[in-house]
Every structure is written in C-alpha cells, then in structure tokens.
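Asks: Return a 3D structure for these sequence lines:
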Amino acid sequence: MKQFLILASLCCLLVLLLTGSFPAKTSPQKSTPPNVVLIFMDDMGYGDLGCYGATQYQTPNLDRMASEGIRFTNFLSAQAVCSASRAALLTGCYPNRVGISGALGPRSTVGLNPDETTLAEVLKKQDYATAIFGKWHLGDNPAFFPGKQGFDTYTGLLYSNDMWPVDYDGKPITDETNYRKKSYPTLQLMENDRPLRDITTLEDQATLTGEYTKRAIQFIKKQKQNNTKPFFLYMPHSMTHVPIAASAPFRGKSQQGLYGDVMMEVDWSVGEILKTLKETGIDKNTLVIFTSDNGPWINFGNHAGSTGGLREAKGVSFEGGQRVPCLVRWPGVVPAGRVCTKLSSTIDLLPTIAAACSAKLPEKRIDGISLIPLFKGDFAQTPRREFYYYYRKNNLEAVRRDDWKLVLPHPGRSYEGQLPGKDGFPGKAPEDHPYPLALYDLRRDPGERYDVQAMYPEVLADLQNLVEKARVDLGDDLTNRTGANVRPVGKVADK
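Replies: Below is the predicted model of the structure:
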C-alpha cells in the first residue's frame, strides 16, 4: 500500500511538470489605505455627550460610536479658542508655533501660512481626495482659503457663525445688547471660493448642520462610486457655537431646551455619516474621530454646554476650557468599548492619522505624537507625558506632566462668581482675573481646587524645568521671552 501511494505521488508530480499546472504564486496583498472622517465640534464641552454624563437629552449615535471604539477621558484641545485650536489640529503644532492665536475676525490680514503643511496636504501626497464641510476660521482672505491648504472641496463659513451684522431677532445691533459692537460684513455660506448664499437669520443658521451633513454624505457616496482613491473628510461644525439653532425636526425634542435640541441634531448628523459608511460598504475601512475645538462658552447660560464639572470653560487654560470629548472608531483596528485615560491632544491627530495612512510627516517640526498604540488598545504605552497650555497671543499659563499640572501666575478670563446670560446673550466674564501659582494633582483633583505645591516641592521644581523648556522653545509674553522655534503667520501681501 505504501509503495502504491509513493507511485501515485510521483505520477501526479510528472503530470504537473508536463502541463505546467503548478498553483500560481500569490504576492502579498497591499492593505487598502483607510478613509478618514474627522468631526470637529465648536464650543462643545466635556460633559455634552451621553457617554460623558450629559443629561436631559440623549446622544445614541455618539454613545454607540463610543461603545464600538475608544472613549478618551484626558484629551486636550491645543488651545481654548477657535482659530488657534483649528490651526493646531491641521498642522500638528502648538498654534503659537505657527503664529496663530485667538479667533480671527472677518477681513483679517493674517491666516494659516500656506507654507505650513496641513493634514489635508499630508494625505493628498498619498493620493487622498480631501473635503471640508463646515467652519474654516483660519483666514478669510483668498490667500488662506481651504483650496490653498490641501482641500479639493469646501462648503462652509469662513469664520464663526456669530460674526454677522445683526442680532438674534434680525434687528440692528445697539449698545444696549452689550454684545457684538463690531461692524461685520454679511455672513456667507461659501462653496470653494465663491459665496453660495447669505446667512442673515436664525432660520439660516438652523440649516447649517443639515447642509454640512448632506454635503458630507454626497462626498462619501461619490468617492465610493468612483472607487479610485481613499478620502479625508473634515467636518468642523458651526454648532454648538452661539447663536445656536436647530432645524425644525429637532426643535423642542429635548428636555434641556434649544441647546439639547442642537446636540440631538449633531448626534443625528454623526449617525447619518456612520450609516452612509455602512451602506456604501466602507465602514470597516474608515477611521472616524469625533472631538471638539475647546470647552463650552458657559457665560451664555442655557445656550451653552457643560464642562462636566471641570473648572472654568472656553478661553481659560483650566481643564474646563481645554479638556474635551474624543471618540475614535475603526472596526477591526480600534478595540470596541474601551476607555483611554492617557494624556493626548488634538496636536497628536496629524501624526496619528499619517501613521494610520502610511503617509509622511511634514518636513517642518511638529509637536504632535502618534497615538497609534492607544488607538490599537495598547494602554501600557504612554505616547504623551507633557503638555503646554498657552493662551492669548503667546502667554504660557500652565504646563503638565502626566497627572501633575502647574498653573503659572497670569491674568485671565473667569466665569466664576458671575451670573450667566440667557437665551443667546452672554453674562459677564472678566478677562483680568489674577491667577496665582498653583500645583494640582489631576488624578485626585480634576476640578483643580486644591493647590498642593507646599506638599510636593520636588514636583514643583520638576515642572518649573518644563516651564523653562517651553519658554526657550515657544517663548512667553508673560516673561518677555521670544521662542527660538516659532514660525511666521501667513500675511496678506501688500498691494
């Protein structure tokens, strides 16, 4: 029997030799680059999602996204204000490194320098299609438009939705409103480099979330239909920045009033994006990230979100101003239902996404660190240990190492002790509150209430060294220091 099997094997080998019918060699298959969807909210606080403790309304789609991916609990915006945080997101740099500070107004003579390499440009070099639907706020001069910064397609507002020349009732602004005394041009919804329509009423504002969502869905379906290249979709929503507005299907749906209605519409928008990814069959090859540009503008009272109990809010370098929600979903890569407590920031998203897409980093220095180990669920890794809290033009207001945070003496905004405003108008928020030197252990005191510098002199000394490192690198207006490694902001060329 054994001899028969050997003879049969030899006969089969002879047939294969004569016919050339060997199995074809299979070459290793290239992995398909992932699509990327980056959703960036405006003035949405740490406590504004159900999975972060929101009450009186529900966010089922975002909660499901958290259950299907990772929820970050120590994720910081790069700075607690609009333009600065967006510059950081798109360049992977502290915003003061690239010369961006504050919130750029209409007719600004500066913007994100086109010499900087944005995330869109990083991915375009990998043959990605790129689109932005939402708020730009990195310069409203054509020299700084999204099309000059790596985006193929753009629909949205060039700056914040409150930068318009009428109040919430459509009446001319008067000094009695104690608000928006500047003369702004007509707010316009842009399509690439041309105005699409004027935004002059709250009803116009109420269309924005739906408009961005519709455009995003069309873009996803078009890319799937063409089936030629991966895509990067950036959705910087105008909401929940005041003036908040919800479309008719969502008005009155929450128990929290208009703000809750707006959050429910935002949740619907995310659900529509996730549904479209699934319907087009690209769900499992798409990395989706959801986060916010800074904390809530809480002096707007019932038209503002929640810090989730963190101290202060937008425009302040305490945690309420900079700690924001961050959800990451990528089926098959990002483990489901995990919570990551590691320090991380929006400046880390560019190198993380670049690593996920096998793209090269910008040639110029960046500050972000890849979070890929955390995205893959390896929480034993600690990519980021340090963080600098800058505000205003270039004030170093605090530094952090691990769970220790040193707040430096500085004047700043404070909402504490002030009655908030109501129904779209702000309460007072003094800008010159004197903050003293203080050391906080964020592990046991995330509300930053207990100064423990006297108990931990060695930690204080260690963080003072980190302060000096920041001042040498990026400078500090509070101590009249010029940074050695800052780069020029983009400027409108003289005519």
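Asks: now the strands for the stretch 351-495 of the chain?
Replies: 386-391, 395-401, 404-407, 410-412, 433-435, 438-441, 475-476, 481-482, 490-491 (DSSP state E, counting those that start in this stretch).
Asks: Next, the angle strand 395-401 makes with the first one.
Replies: Computed with axes from the mean of the first three to the mean of the last three CA atoms, to 10 degrees, the direction of strand 386-391 lies at 160 degrees from that of strand 395-401.
Asks: elements contacting strand 386-391?
Replies: Judged by 3 or more CB pairs under 8 Å, 6 or more residues apart in numbering; DSSP states H and E, strand 386-391 is in contact with strand 395-401, helix 457-474. C-beta coordinates here come from the backbone N, C-alpha and C atoms, glycine included.
Asks: model confidence over the first one, on average?
Replies: Computed over strand 395-401, the mean pLDDT rounds to 98.
Asks: Same check on stretch 425-439?
Replies: 95.
Asks: residues making contact with it?
Replies: Under the contact criterion CB atoms under 8 Å, 6 or more residues apart in numbering, stretch 425-439 has outside partners 168, 177-179, 242, 297, 299-301, 315, 397, 404-415, 418-421, 448, 451-453, 456, 459-460, 463.
Asks: mind listing what's buried in it?
Replies: 425-427, 429, 433, 435, 438-439 (16 or more other CB atoms under 10 Å).
Asks: just those residues now: which is nearest His137?
Replies: Pro426 (19.4 Å; CB to CB).
Asks: With distance to Pro142 as extra columns, can I get the buried residues of stretch 425-439 in a markdown table?
Replies: Formatted as a markdown table, the buried residues of stretch 425-439 follow (distance: CB to CB, whole Å):
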| residue | distance to Pro142 |
| --- | --- |
| Phe425 | 34 |
| Pro426 | 32 |
| Gly427 | 37 |
| Ala429 | 34 |
| His433 | 39 |
| Tyr435 | 40 |
| Ala438 | 45 |
| Leu439 | 47 |
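Asks: returning to what we had before: JSON lines for the strands of the stretch 351-495 of the chain, including distance to Leu104?
Replies: JSON lines is the format used below for these (distance: least, CB to CB, whole Å):
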{"stretch": "strand 386-391", "distance to Leu104": "15"}
{"stretch": "strand 395-401", "distance to Leu104": "18"}
{"stretch": "strand 404-407", "distance to Leu104": "27"}
{"stretch": "strand 410-412", "distance to Leu104": "20"}
{"stretch": "strand 433-435", "distance to Leu104": "25"}
{"stretch": "strand 438-441", "distance to Leu104": "31"}
{"stretch": "strand 475-476", "distance to Leu104": "20"}
{"stretch": "strand 481-482", "distance to Leu104": "23"}
{"stretch": "strand 490-491", "distance to Leu104": "11"}
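Asks: give me the low-pLDDT residue ranges for the chain?
Replies: Applying pLDDT under 70 to the chain flags the ranges 1-31, 166-183, 494-495.
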